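> What follows is a predicted structure for the sequence shown.
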Amino acid sequence: MAKPMHSGHLAKRSLLLSEFEIKYVSQKAIKGQALANFLAAHPVPDNMELPNDLSNEEVFSTEISPWQLYFDGAAGKKVAGAGLVFITPSGGLIPYSFSLMTLYSNNIAEYEALIIGLEIALETNINCLLAFGDSQLIVKQLNGQYAVKNENLVPYNDKAKCLMAQFQDIQIAHIPRSEMTKLMH
């Protein structure tokens with residue numbers, strides 16, 4: 001499985017850094033560290049009594065809204081690419097497109113698109129994900145409805161399943177090509 005080529009400014013930086021075997025790592029949020037620093041600076045006094053009279057009322061819980069990932073791969077005689085659109089829980093759209101360095105079959109390009117999307121989701125600490133693809137074959141293979149008969153697809157299926165296992169909650173579903181086309185353009 002080849003690494004994707006980035007586009008735009010990130011591609012230029014990646015190309016420059018690759019010469020020196022340096023990998024770009026995006027900066028992580030420091031909100032958690034700010035909270036830890038505050039709590040360390042303001043400890044609870046030893047003589048403070050903690051309340052024991054907890055209410056027996058029902059506790060309200062909130063459901064974590066999942067992110068959505070729409071993935072699509074395509075391969076031609078001279079080019080192959082992957083397109084992704086993430087939709088945040090609040091409805092924001094985050095599109096990505098990648099040129100794949102190796103020419104693949106359409107099915108492998110679909111798997112590559114999904115794998116790239118799953119890796120991005122994991123790197124950005126997305127725990128709950130609904131993934132949608134327009135390839136019934138890929139979706140049904142990953143859901144266990146179809147066996148992976150093509151030996152060339154086995155490593156991609158294995159990699160995708162390995163990444164999917166790292167999510168707290170993940171579902172993958174088929175979406176008609178017409179809906180995918182509207183979203184990707």
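Perfect, thanks for sending it.
> quick one: contacts for the closest residue to Leu153 other than its chain neighbours?
Once its chain neighbours are removed from consideration, Leu153 has its nearest residue in Asn107; the separation is 6.0 Å (C-beta to C-beta, 6 or more residues apart in numbering). The way it works is simple: take the backbone N, C-alpha and C, and place the C-beta from them, glycine included. Applying C-beta atoms under 8 Å, 6 or more residues apart in numbering to Asn107 gives the contacts Ser135, Leu137, Ile138, Asn150, Leu153.
> Of those residues, just the buried ones, PyMOL syntax please.
Selecting in PyMOL just the buried members of the contacts of Asn107, where the criterion is 16 or more other C-beta atoms under 10 Å, is done with this command:
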select buried, resi 135+137+138+153
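> Among the contacts of Asn107, name the ones in helices.
The helices in this structure, assigned by DSSP state H, contain Leu137, Ile138 from those.
> Pull out the buried positions in the longest helix seen in the chain.
Under DSSP H, the helix in the chain containing the largest number of residues is helix 106-123. Of the residues in helix 106-123, those scored as buried under the neighbour-count criterion (16+ other C-beta under 10 Å) are 107-118, 120-121.
> Out of those, which is nearest to Ser178?
If you rank these by distance to Ser178 using C-beta to C-beta, Glu110 comes first, at 16.6 Å.
> And the pLDDT at that closest one?
In the predicted model, Glu110 carries a pLDDT score of 95.
> now swap in Leu39 and tell me
Each residue has a pLDDT score; the one for Leu39 is 68.
> what do you get for Arg13?
Arg13 is assigned 57 on the pLDDT scale.
> same deal with Met101?
In the predicted model, Met101 carries a pLDDT score of 85.
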